Structures are given as structure tokens and as C-alpha cells.
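Here is a sequence with its predicted model. Questions after.
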Amino acid sequence: MPAHTILKLNSVHKTTGYSHCTRAGNTLWVAGQVAQDKGGKLIGKGDIELQAKQVYTNLRSILTEAGGGLANIVKMTTYITHYASLEGYRKVRGTFFTEPFPPNTLVVVESLASPDFLIEIEAIAVLEEKK
């Protein structure tokens, strides 16, 4: 029996060459989410707030489908392509989370998988044990 299970999700866009989420025990590892809707269309070209909203929506959809929610996140890594995007990202984060925010590593990078992506967030979440 494998140590983990790759989840086949219906709530987010299809992937090629990777999976959105894997589960080992009660822990979920969610691949970096970008601003693509369920059909794979880029949302918010050039707009960090619209892209961040779509990214958090994707994270929430994945976690909900897997049996949890945003409150189950124990660690995130956020990649943005411009330091100037920091305030817009934080503004949107505040609409999905309340303080104290989950631990997060913020990295400013030159580019993501597509030059149109301004933000990407990956997460680790722990689901409650089933009784």
C-alpha cells in the first residue's frame, strides 16, 4: 500500500504533469495554486488582487473537496513576482483568513510558470482525525 494517495479532484482545473494534492494520513500537500478557474482560464491578468482571490478560492475548493477547509492549513509558501504586489496580496489574504494567519514563507521571484501568473501559493493542511 502506498504511503500517500494522489487525490483526483473535480473542484479545480485539470493538470498536466503534476497533481493538485496528495494525502498521507491526515496531512494534505497542496501544489502551488495559480489564478486559473475550474476551466483553466487565467483570471485577473495583470491584477494581483483578482489573481490572489482566485488562488485562495482554488485552495479553499481543494481543501473542501478533501474534507477540510482553509482553517486546516498549517503552513503556506507564497510566491509573488513583484514586491509592489505585497499590499494587494495582503488585502485579499485578509478576506480569506483572520489573525493569527497560518505560518507563511513569502518569496519574490522573477517569474512563475507563465509570465501572466503574478502569484502562486502552496499549502500543507492537516485534517481532523476521523472518529
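Cool, got the structure. Worth saying up front: this structure is predicted, and the values here are computed from it rather than measured.

Quick one: list the elements packing against the lowest-mean-pLDDT helix or strand in the chain.
Within the chain, no helix or strand scores below strand 5-6, which has a mean of 88 by mean pLDDT, DSSP states H and E. On a contact count with 3 or more C-beta pairs under 8 Å, 6 or more residues apart in numbering; DSSP states H and E, strand 5-6 meets strand 21-24. Using the backbone N, CA and C atoms, a C-beta is placed for each residue, glycine as well.

Tell me which stretches of the chain form strands.
For the chain, strands defined by DSSP state E occupy the ranges 5-6, 21-24, 27-33, 73-80, 104-108, 119-126.

any residues touching the third one, and which ones?
Read it as strand 27-33. Residues from elsewhere that reach strand 27-33 (C-beta atoms under 8 Å, 6 or more residues apart in numbering): 7, 12, 15, 18-23, 55, 58-59, 62-63, 66, 68, 72, 77, 79, 120-127.

Ok, the fifth one next?
When contacts are taken as C-beta under 8 Å, 6+ apart, the neighbours of strand 104-108 outside the stretch itself are K75, M76, T77, T78, Y79, I80, T81, H82, Y83, L86.

Partner strands of it, with direction?
The pairing partners recorded for strand 104-108 under DSSP bridges are strand 73-80 (parallel).

Then the shortest one?
Here strand 5-6 is paired, per DSSP bridges, with strand 21-24 (antiparallel).

Pull out the buried positions in the partner strand.
C21, T22, R23 (16 or more other C-beta atoms under 10 Å).

now swap in stretch 34-45 and tell me
Residues V34, A35, Q36, I43, G44 are the ones in stretch 34-45 that count as buried (16+ other C-beta under 10 Å).

which residues touch I6?
Counted by C-beta under 8 Å, 6+ apart, I6 has contacts S19, C21, T22.

Closest one of the residues you listed to R93?
C21 (20.4 Å; C-beta to C-beta).

Pretty sure that closest one sits against H4.
No. Between C21 and H4 there is no contact under C-beta atoms under 8 Å: 10.2 Å.

what pairs with the spatially closest residue to P103 that is not a sequence neighbour across the strands?
Distances taken as C-beta to C-beta, 6 or more residues apart in numbering place K75 nearest to P103, at 5.0 Å, with adjacent residues excluded. Beta bridges link K75 to I124, judged by DSSP bridges.
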